[in-house]
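Undergrad: next one to model:
(2 chains)
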2 protein chains.
Amino acid sequence: MNVVSTISEIRSVVKQLQLKEQKVAFVPTMGALHGGHLSLIQLAKKVADHIVVSIYVNPEQFGPAEDFGSYPRTLERDLEFCIQENVGTVFTPSDEVMYGNEEKFFRIEIDVLNEHLDGGSRPGYFQGIALVVNKLFNIVQPDVAVFGQKDYQQFQVIQEMVNEFNHDLELIMAPIERAEDGLALSSRNAYLSETEKAIAPLLFKKMQESVAEIHKGLLKPESLLSRKQKDLEAKGFKNDYFNVYSMDRLQPVSKLSKKETYILAAAAYLGKTRLIDNIIFEC
Amino acid sequence: MNVVSTISEIRSVVKQLQLKEQKVAFVPTMGALHGGHLSLIQLAKKVADHIVVSIYVNPEQFGPAEDFGSYPRTLERDLEFCIQENVGTVFTPSDEVMYGNEEKFFRIEIDVLNEHLDGGSRPGYFQGIALVVNKLFNIVQPDVAVFGQKDYQQFQVIQEMVNEFNHDLELIMAPIERAEDGLALSSRNAYLSETEKAIAPLLFKKMQESVAEIHKGLLKPESLLSRKQKDLEAKGFKNDYFNVYSMDRLQPVSKLSKKETYILAAAAYLGKTRLIDNIIFEC
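TA: Residues are numbered from 1 along each chain as shown, chains lettered A, B, ... in the order given. Okay, the predicted model is just below:
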């Protein structure tokens, strides 16, 4: 496995492969790799000959009050993980490589898509993601890039950026990986105490119950969704959002239409840990 | 010479060349090709094996009161011009190919660099240029791209975008081409009446006089520059700007420093025609 940290090295690796007509899939991560990343890598392997994983905790996507400083950094374990999974190349750039020290003049602004969900709660979050992913795509120049459904809004924002910026690659979305108790896998689960771990799966359970009710024909789910949020609060969650959104523009939907596909997305705090999850369903 | 108008065609042409280790230079234009473009193409030939010229009048960089509708469109003559100059491929995308009809969610915003000069006078101009050039770079994926010094602010904005977005290409600046009377070549010169054509070279003449005075040791050129503008007004010009700016951040400079390099840049209207010009000089 190659481990490289400069732009010229990663470009040289990818260009050599592409000259040999090898297909390169890219899995961008912030490290602290877990079973969710494993499923991204395994999906990547199905469509490409060589997997590039990047490990970079992007400061631009953290707000001043967020957990940039304490975000789990487990590089040695991550590299071991990548070796086990036959990853071809790991790209571990420094902040200096990614952003340098010069004054910056360019910003990427996003309308509509980031108004709600995490975009609504975390100002600047998706601009920071677009900034770094646009850079990473131009640095790595892969044929395919894989992102997880757990961050569906991120997927949709990046898909739209690929369309509007004409990035020459195909995006693939990997399904959400869950623990046996239903909790969506996340690097931030490492923050949970034992007590919180026991309660955490309730978030997904309440989402499943909501979708089940909707499947029974409930097309105006507002009061259902606020009941479920109260259930979560009673168990110790602090809700951020818990709502049904359109798949393309990520706008809240109060009246559902039969046969349409929607996403039920939720974010909630357990103590200091922010959990997110979603279910894509046909009405 | 290839003439292609779809993204998949131009990508296929460029990829085939790069697989054969041919170096591809890109000269983006809005058509109405003239001697200025010729010098861009000739410079491109010195550094690359194959030249791609794009011809696309980008609606996103014209303001509502500007000349998008009347901008000269001379495709047949342009293609003949490119054949004469041994251009390898001409890319002539439609608006549909470049922007499609779907709702757009992404904007590229620029700070500082576009506050003055054309950026100050033409709101949205450089955002529109950044938008289309970012797309064109990702579509064509050249090894080198050539822009002219006449639009120095454009060059500087794009150079900064290449740095911040990590576009994998080298930018080259071609010097300003001038008619024998000193007038900088421009597609918009076609708008000038015979009387205006006779007056137009005065803009460059007044700029040369200003730089000559500065070279004699005048380090606070404010009153000199306003005198030169009055001279131009007296001859029928309507001045937009006529000032000295820093090379990197394009900020006005009122007190010059010895041995520093600056740009004297000007824009002025003759009738309805907007002329721009600049001189880069060491103090």
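
Undergrad: is it true that residue A:178 touches residue A:205?
TA: No. Residue A:178 is beyond contact range of residue A:205, at 11.3 Å (criterion: CB atoms under 8 Å). C-beta here means a position set from N, CA and C on the backbone, and glycine is covered the same way.

Undergrad: for residue A:143, the count of nearby residues, please.
TA: 19 (other CB atoms under 10 Å in any protein chain shown).

Undergrad: what does the pLDDT read for it?
TA: The score at residue A:143 is 98. That number is its pLDDT.

Undergrad: residue A:19 now?
TA: pLDDT at residue A:19 comes out at 89.

Undergrad: which residues touch it?
TA: Residues counted as contacts of residue A:19 (CB atoms under 8 Å, 6 or more residues apart in numbering or on different chains) are residue B:19.

Undergrad: what about it, distance to residue B:68?
TA: Look at residue A:19 and residue B:68: by CB to CB, to the nearest Å, they are 42 Å apart.

Undergrad: go on, residue A:70?
TA: Relative to residue B:68, and taking CB to CB, residue A:70 is found at 52 Å.

Undergrad: what about these two, which has more around it?
TA: More crowded of residue A:70 and residue B:68, by other CB under 10 Å: residue B:68, with 14 against 9.

Undergrad: excluding chain neighbours, what is closest to the more buried one?
TA: With sequence-adjacent residues excluded and distances taken as CB to CB, 6 or more residues apart in numbering or on different chains, residue B:68 is closest to residue B:62, at 3.7 Å.

Undergrad: tell me the pLDDT at the closest residue to residue A:253 other than its chain neighbours?
TA: Distances taken as CB to CB, 6+ apart place residue A:244 nearest to residue A:253, at 5.1 Å, with adjacent residues excluded. pLDDT recorded at residue A:244 is 98.

Undergrad: the closest residue in space to residue A:191 that isn't next to it in sequence pairs with what?
TA: Once flanking residues are discounted, residue A:191 sits nearest to residue A:273: 4.3 Å by CB to CB, 6+ apart. Beta bridges link residue A:273 to residue A:270, judged by DSSP bridges.

Undergrad: please list all residues in contact with residue A:273.
TA: Taking CB under 8 Å, 6+ apart, one finds A:188, A:189, A:191, A:192, A:196 in contact with residue A:273.

Undergrad: possible to save these as JSON lines with pLDDT?
TA: Converted to JSON lines, these look like this (pLDDT from 0 to 100):
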{"residue": "A:188", "pLDDT": "92"}
{"residue": "A:189", "pLDDT": "94"}
{"residue": "A:191", "pLDDT": "94"}
{"residue": "A:192", "pLDDT": "97"}
{"residue": "A:196", "pLDDT": "97"}
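
Undergrad: let's have those residues in a markdown table, adding distance to residue B:6, neighbour count and secondary structure.
TA: Below are those laid out as a markdown table (distance: CB to CB, whole Å; neighbours: other CB atoms under 10 Å in any protein chain shown; DSSP: H, G, I helix; E, B strand; the rest coil):
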| residue | distance to residue B:6 | neighbour count | secondary structure |
| --- | --- | --- | --- |
| A:188 | 44 | 15 | helix |
| A:189 | 46 | 20 | helix |
| A:191 | 49 | 18 | helix |
| A:192 | 51 | 19 | coil |
| A:196 | 54 | 18 | helix |
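
Undergrad: so who does residue A:224 touch?
TA: A:210, A:213, A:214, A:218.

Undergrad: part of a helix, is the second one?
TA: What that stands for is residue A:213. Yes. Under DSSP: H, G, I helix; E, B strand; the rest coil, residue A:213 falls within a helix.

Undergrad: which stretches of chain A form helices?
TA: A:7-19, A:35-47, A:75-84, A:95-99, A:117-121, A:125-140, A:152-165, A:194-199, A:202-215, A:222-234 (DSSP state H).

Undergrad: deepest-packed of those, please.
TA: Among the helices of chain A, the stretch with the highest mean neighbour count (mean count of other CB atoms under 10 Å in any protein chain shown) is helix A:125-140, at a mean of 23.

Undergrad: could you give the angle of that helix to helix A:152-165?
TA: 60 degrees (axes from the mean of the first three to the mean of the last three CA atoms, to 10 degrees).

Undergrad: from the chain's centroid, how far away is helix A:125-140?
TA: Between the centre of helix A:125-140 and the centre of its chain there are 13 Å (CA atoms, centre = their mean, to the nearest Å).

Undergrad: cool, and stretch A:74-82?
TA: On CA atoms, centre = their mean, the centre of stretch A:74-82 falls 19 Å from the chain's centre.

Undergrad: with adjacent residues omitted, what lies nearest to residue A:260?
TA: Nearest to residue A:260 is residue A:283, by CB to CB, 6+ apart, at 5.2 Å.

Undergrad: isn't that neighbour up against residue A:257?
TA: Yes. Using CB under 8 Å, residue A:283 is in contact with residue A:257, at 6.4 Å.

Undergrad: and for these two, which residues touch both?
TA: Common neighbours of residue A:283 and residue A:257 (CB under 8 Å, 6+ apart) are residue A:219.

Undergrad: could you check which of the two is surrounded by more residues?
TA: residue A:283 (18 against 9).

Undergrad: tell me how many other residues surround the closest residue to residue A:245 other than its chain neighbours.
TA: Nearest residue to residue A:245, sequence neighbours excluded (CB to CB, 6+ apart): residue A:263, at 5.3 Å. Other residues within reach of residue A:263 by the criterion other CB under 10 Å amount to 20.

Undergrad: roughly how far apart are residue A:263 and residue A:125?
TA: Taking CB to CB, one finds residue A:263 at 18 Å from residue A:125.

Undergrad: quick one on the thing from earlier: my guess is the residue nearest to residue B:68 contacts residue B:129, does it?
TA: No. Residue B:62 lies out of contact with residue B:129 (CB under 8 Å); the separation is 10.6 Å.
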